[in-house]
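Novice: model the structure of this input:
(chains A and B)
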Amino acid sequence: MIKNTFQYLHQRRLTLTFLLIGMVILLFIFIPLGRMIFSSNPSVLWNTLLDKEVRDSIWLSIYTALIATAFGLFFGVPLAYFLARHSFPGKRLVEALIDVPIVVPHIAAGIALLFVFGKNYFGGKAFDAIGIGFRDAAPGIIIAMIFVSVPFLINSAKQGFEDVDERLEKVARTLGASPWQTFFKISLPLARRSIFGGTVMMWARSISEFGAVLVLTSHPSIAPILVYDRLVEHGLEYALPVASLLIIITLVIFVVLRYFAYGSKKQ
Amino acid sequence: MCMVTKQRISTAFIIALLLIPLLNTGCGSSKTPLPVIVAGSFMVPIEDLETKFEELHPDIDVQVEGHGSIQVIRQVTELDKEADVLIVADYSLIPMMMYNTTIASSDEPYADWYLSFATNSLGLAYTNTSKYGSEINQSNWYDILTRPDVTVGIADARLDSCGYRAFMTCQLAEDYYDDASIFEQLFGNSFTWPVTVSGEDGIQTIHVPEILEPKNDRLVLRGNSVWLLFLLDAGEIDYAFQYRSVAEQHGHSFLELPPEIDLSSDDYATSYGSVMVKMDFQRFGSVQPEFNGEPIIYGLTIPNNAPHPDIAAEFVSFLISTQGQAILTDNDQPPIVPAQTDNPEALPAEIRELLQ
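Specialist: Got it, this is the predicted structure:
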């Protein structure tokens, strides 16, 4: 019996080693998050939730991120499909360009946006004509969120479309479906998991954005900015419950969404 | 190029990238860091001071961090950051927020002396794209600021000296221009929770609410006066209440206000004293800040829990030396010569010598 166990362990050396190494990074992620969640006692968290400033900012974060994600879906999915189905000179460059918002420091992204959507620049002027301003206003939050998080949606959707067997689309076309019908009845449903996954990622990334939003809009404050303000203005003990609350809320939503996205997938 | 070679090259490249930090820590670790937390409005001069000081002391790495002045002190007293030198735009914050608060580990107060070393004046920074920039002057500024198409930036009075001083200047303006509606017109309808003024015994007290939040987009509030600068550059705001030194350092146009209201001159100290700013809420633990109208005087101290008090004293000595004062002058920040202190006995000896 002991010998068997030993043999078993010996055979699984690689697995065990990797598991042990992997545990380090898992703990590195879990311990700080867990401490955050459990460091504030429930009554403090409840009082924090009753704080109107906190509720307003969390709600603001959630709905601006939703709007940002809606824009991401509307403009990103067609692009993803196009990229998945066509090759053209410079395609690699375009794909690299889509990833750029992920790598630029987000403060820099915010400044870049300011130079287009600021009220003295062409984007700002154009939107000003229809009564939309970006400084210290919800639209400023939304464009910052779109900019930094839409790559996640585009990449995920593109992967999804690439995984759809093109022959299925061709069959649909030979059976008389129009290109639009083929897209909506075949390609889109088959890629929906990836699109949904990308949507969740984009939304989550939008909620967590700080730097790009800060440049454009510090009032009204989204939740991450409120946490930062509380930290520098009031100190750790005031920032902590807000941060814990934010983590709990996003975690719950994220887990639920992931369950719907991947939960029913049969492997 | 074949696939395998390409892969090898990219692997090698990634490994090389990962090795870069090792090179860096090798040389960086030999320098002694000197953390200095300064008022945002002192960021430009401190960088010049840092460069010169590091030339003289190549083994020291001055590490500068900027905040609104109230925040500068709270970094140390409430957020447990260790700093060697604190520099604020209002010397009075040091006794108010540091003399009576004690370091948990030693029961000492956070500080027991300050040096006043420089002055400044408050006015309006603007650019050549600011609306009505060509017509603004000392007699019409408050009128232009209230025009509906003009956006004004102001620092948050709860965090930054520049913010409560802007309130003071606008309140002083009522007497100077003999127009009792100036403050009300500028700020009366601008905040969700109003900033109010009450008068008693000839002193006008400006009450700042716990939550300061602009109500409309004609007023832009930032936690640190220097965060208004890029908004000014980008044309998001037309005017910002700003220190003269900062406007000059950033190449902005600056409307100087009359000395009776710009908080620059000792001659008007008594009349400045006719206004005060009060924050009637429990935000800073036991301290409820009250700011009397006074000439602008920058102050500095070495906290009692400074990690490198000796080097800190050297740095402060350099700052108030002839060489340091020349750097201030170059940055349009008038030095106080010699620097003054409230408690010579507590000063490190090498600094005390320089005050004679």
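Novice: quick check: which element contains B:Phe241?
Specialist: According to DSSP states H and E, B:Phe241 maps onto strand B:239-243.
Novice: same for that strand, what does it pack against?
Specialist: In terms of contacts (3 or more C-beta pairs under 8 Å, 6 or more residues apart in numbering or on different chains; DSSP states H and E), strand B:239-243 is packed against strand B:122-126, strand B:152-155, helix B:161-176, helix B:227-233. Glycine gets a C-beta too; all of them are placed from N, C-alpha and C.
Novice: quick one, which of those gets closest to A:Ser178.
Specialist: For the helices and strands packed on strand B:239-243, distance to A:Ser178 was read as C-beta to C-beta. The smallest value, 50.7 Å, belongs to helix B:227-233.
Novice: for that closest one, buried residues please.
Specialist: In terms of neighbour count (16 or more other C-beta atoms under 10 Å in any protein chain shown), helix B:227-233 has its buried residues at B:227-233.
Novice: quick check: which of the helices and strands packed on strand B:239-243 is nearest to B:Arg8?
Specialist: When the helices and strands packed on strand B:239-243 are ranked by distance to B:Arg8, counting by C-beta to C-beta, first place goes to helix B:227-233 at 45.1 Å.
Novice: ok, residues contacting that closest one?
Specialist: A:111, A:114, A:135, A:215, B:40, B:125-127, B:130, B:153-155, B:220, B:222, B:237, B:239-240, B:242, B:246, B:250, B:252 (C-beta atoms under 8 Å, 6 or more residues apart in numbering or on different chains).
Novice: near chain A, which residues of chain B are found?
Specialist: Selection of chain B residues close to chain A by C-beta under 8 Å from any C-beta of the partner chain yields B:67, B:71, B:74, B:78-79, B:129, B:158-159, B:211, B:213-214, B:217, B:220-223, B:230-231, B:234-236, B:283.
Novice: now do the residue of chain A at minimum distance from chain B against A:Pro78, distance only.
Specialist: Using C-beta to the nearest C-beta, the single residue of chain A nearest to chain B is A:Asn120, 3.4 Å away. Distance, A:Asn120 to A:Pro78, using C-beta to C-beta, to the nearest Å: 32 Å.
Novice: same deal with B:Tyr243?
Specialist: From B:Tyr243 across to A:Pro78, the span is 51 Å (C-beta to C-beta).
Novice: element containing residue 14?
Specialist: No chain specified, so I'll use chain A. Under the criterion DSSP H and E, the helix or strand holding A:Leu14 is helix A:13-39.
Novice: that's the wrong chain, I wanted chain B
Specialist: The secondary structure element spanning B:Ile14 is helix B:3-28 (assigned by DSSP H and E).
Novice: give me the more crowded residue out of B:Tyr243 and A:Pro78.
Specialist: Set side by side, B:Tyr243 and A:Pro78 give different neighbour counts by other C-beta atoms under 10 Å in any protein chain shown, the larger being at B:Tyr243 (32 against 13).
Novice: ok, that one to chain A distance?
Specialist: Separation of B:Tyr243 from chain A (C-beta to the nearest C-beta, to the nearest Å) stands at 21 Å.
Novice: same check on B:Asp143?
Specialist: Applying C-beta to the nearest C-beta, the value for B:Asp143 to chain A is 22 Å.
Novice: tell me the buried residues in the helix or strand just after the helix holding A:Leu14?
Specialist: Tracing the chain C-terminally past helix A:13-39 and defining elements by DSSP H and E, one meets helix A:42-50 next. Neighbour-count burial for helix A:42-50, with 16+ other C-beta under 10 Å as criterion, is recorded at A:45, A:48.
Novice: tell me the buried residues in the next helix or strand after helix A:42-50?
Specialist: Scanning the chain past helix A:42-50 towards its C-terminal end, the next helix or strand to appear is helix A:52-85 (assignment: DSSP H and E). By neighbour count, and taking 16+ other C-beta under 10 Å as the criterion, the buried residues in helix A:52-85 are A:53-54, A:57-58, A:60-62, A:64-65, A:67-69, A:71-73, A:76-77, A:79-81, A:83-84.
Novice: what does the stretch 151-267 of chain A put close to chain B?
Specialist: Remark: the part of the stretch 151-267 of chain A in contact with chain B comprises A:215, A:218-219, A:229, A:231-236, using C-beta under 8 Å from any C-beta.
Novice: need the strands for the stretch 51-200 of chain B, in chain order.
Specialist: Secondary structure of the stretch 51-200 of chain B, counting by DSSP state E, counting those that start in this stretch: strands at B:60-67, B:85-88, B:115-119, B:122-126, B:152-155, B:196-200.
Novice: mind listing what's buried in the longest one?
Specialist: The one in question is strand B:60-67. Of the residues in strand B:60-67, those buried under the neighbour-count criterion (16+ other C-beta under 10 Å) are B:60, B:62, B:64, B:66-67.
Novice: check these against B:Trp193 and report the nearest one.
Specialist: B:His67 (23.5 Å).
Novice: surely the closest one meets B:Met43?
Specialist: No - B:His67 is beyond contact range of B:Met43, at 10.0 Å (criterion: C-beta atoms under 8 Å).
Novice: what's the lowest-pLDDT member of the buried residues of helix B:227-233?
Specialist: When the buried residues of helix B:227-233 are compared by pLDDT, B:Trp227 scores lowest at 87.
Novice: give me the domain ranges for chain A.
Specialist: What the record gives for chain A is the domain set A:1-39, A:42-262, from automatic domain parsing.
Novice: worst average pLDDT in these?
Specialist: In terms of mean pLDDT, the lowest-scoring of these is domain A:1-39 (a mean of 85).
Novice: strands along the stretch 101-250 of chain A, start to end?
Specialist: Along the stretch 101-250 of chain A, counting by DSSP E, counting those that start in this stretch, no stretch forms strands.
Novice: which parts of it are helices?
Specialist: In chain order, the stretch 101-250 of chain A shows helices spanning A:106-117, A:122-129, A:138-163, A:166-174, A:179-182, A:188-190, A:192-208, A:211-216, A:223-233, A:236-262, with DSSP state H, counting those that start in this stretch as the criterion.
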